[in-house]
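Asks: this one's structure only:
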């Protein structure tokens, strides 16, 4: 039986990779393009493109992130109950 895709953990390395790619693109554009207007246009295009990719990742992993957060909250509540019962 296959696990439902929501049960899998989100790949959190992807946004970090996109951020690194953005920094790399801006550095390459900054050092290789001489014209100020063209350089600004290319840098803005890179920022917008990477931002849209990050938003797409967030949208695709919204359910997984909610499940992970709920799991952490549930674990914290269980630990708190254990501490309260130990005090009695």
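Replies: Everything's here; your move. A quick note: this is a predicted structure, and the numbers were derived from the prediction, not measured.
Asks: can you give me the helices for the chain?
Replies: For the chain, the helices defined by DSSP state H cover 13-32, 36-60, 62-87.
Asks: With mean pLDDT as extra columns, can I get the ones you listed in TSV?
Replies: Shown next, in TSV, are the helices of the chain (pLDDT from 0 to 100):
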stretch	mean pLDDT
helix 13-32	93
helix 36-60	93
helix 62-87	72
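Asks: centroid residue for this protein?
Replies: With distances taken as Cα atoms, centre = their mean, residue 15 lies nearest the centre of the chain, 4.1 Å away.
Asks: check contacts around that one.
Replies: 54, 57-58 (Cβ atoms under 8 Å, 6 or more residues apart in numbering). In short, each C-beta sits where N, CA and C put it, glycine included.
Asks: now it: how far from residue 53?
Replies: 9 Å (Cβ to Cβ, to the nearest Å).
Asks: For residue 21, state which of the contacts of residue 15 is nearest.
Replies: residue 54 (10.5 Å; Cβ to Cβ).
Asks: contacting residues around the closest one?
Replies: With contacts defined as Cβ under 8 Å, 6+ apart, residue 54 is in contact with 15, 18-19.
Asks: next one: phi and psi at residue 12?
Replies: The phi/psi pair for residue 12 (degrees, to the nearest 10) reads phi -80, psi -10.
Asks: Kindly tell me how buried it is, as a neighbour count.
Replies: 12 (other Cβ atoms under 10 Å).
Asks: and the gap between it and residue 39?
Replies: Distance of residue 12 to residue 39, given as Cβ to Cβ: 32 Å.
Asks: repeat for residue 29
Replies: The gap separating residue 29 from residue 39 is 6 Å, by Cβ to Cβ.
Asks: what do you get for residue 57?
Replies: To residue 39, residue 57 is 27 Å away according to Cβ to Cβ.
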